[in-house]
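A.B. asks: here are the coordinates; sequence isn't available:
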């Protein structure tokens, strides 16, 4: 149990009959009249849905113990992604449904944060940006070097994103894992 005065970003709360909600942001509010309260933005750990919720200041809320470990993606085994704990070398099979959109950016050897609660994997989180190679994209046409235009490109993971016209097949680029946006070339 924790008090709403102790809330921190990333803390996981157990609300609404055992559902797990992660604190995205919080703000303590002390109005001129009336009691103080805490305004929060919570994200459902399993569904990803975000809601705004207000708590009275000092109210007790149940916290959930979430074990976050850095693990390395090893290989695919059917519909399961196999991750290896870098400290114990234990392997963990995680269902494709749990990995979700993160699969669009996973390449063997990538490190990710795997969050577990009571032995159940909640989510797999990659860094905000990853470096991937362009597997295939149309060649740019002379004169396309000006600002602006984009074209579709397929990453080495099979995921398709929009890149500037001057990017070519085989180039290594930086991609935002939250939005699938092109962030820039990687200088080798």
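C.D. replies: Arrived safely. None of these values were measured; they are calculated from a predicted model. Numbering: from 1, shown residues only.

A.B. asks: quick one: the helices in the chain?
C.D. replies: Taking DSSP state H as the test, the helices found in the chain are 96-99.

A.B. asks: any stretches of it with poor pLDDT?
C.D. replies: 140-148, 188 (pLDDT under 70).

A.B. asks: pick out the residue nearest the middle of it.
C.D. replies: The centre of the chain sits closest to residue 125, judged by C-alpha atoms, centre = their mean, with a distance of 4.2 Å.

A.B. asks: that residue against residue 101, yeah?
C.D. replies: No - counting by C-beta atoms under 8 Å, residue 125 does not reach residue 101; the two are 11.1 Å apart. (C-beta placed from N, C-alpha, C; glycine too.)

A.B. asks: before we move on, the earlier item: mind listing what the residue nearest to the centre of the chain touches?
C.D. replies: 102, 112-115 (C-beta atoms under 8 Å, 6 or more residues apart in numbering).

A.B. asks: what's the farthest-apart pair in the residues you listed?
C.D. replies: Maximum pairwise distance among the contacts of residue 125 (C-beta to C-beta): 11.6 Å, between 102 and 115.

A.B. asks: list residues touching both of those two?
C.D. replies: Common neighbours of residue 102 and residue 115 (C-beta under 8 Å, 6+ apart) are 123-125.

A.B. asks: what would those look like in a markdown table with distance to residue 155?
C.D. replies: Compiled in a markdown table, these are given as follows (distance: C-beta to C-beta, whole Å):
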| residue | distance to residue 155 |
| --- | --- |
| 123 | 21 |
| 124 | 18 |
| 125 | 19 |
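
A.B. asks: which of these fall within strands?
C.D. replies: Cross-referencing these against strands under DSSP state E gives 123-125.

A.B. asks: and the shared contacts of residue 102 and residue 115, which is closest to residue 176?
C.D. replies: Residue 176 lies nearest to residue 125 out of these, by C-beta to C-beta, at 13.6 Å.

A.B. asks: what bridges to the closest one?
C.D. replies: Beta-bridge partners for residue 125, by DSSP bridges, are residue 113.
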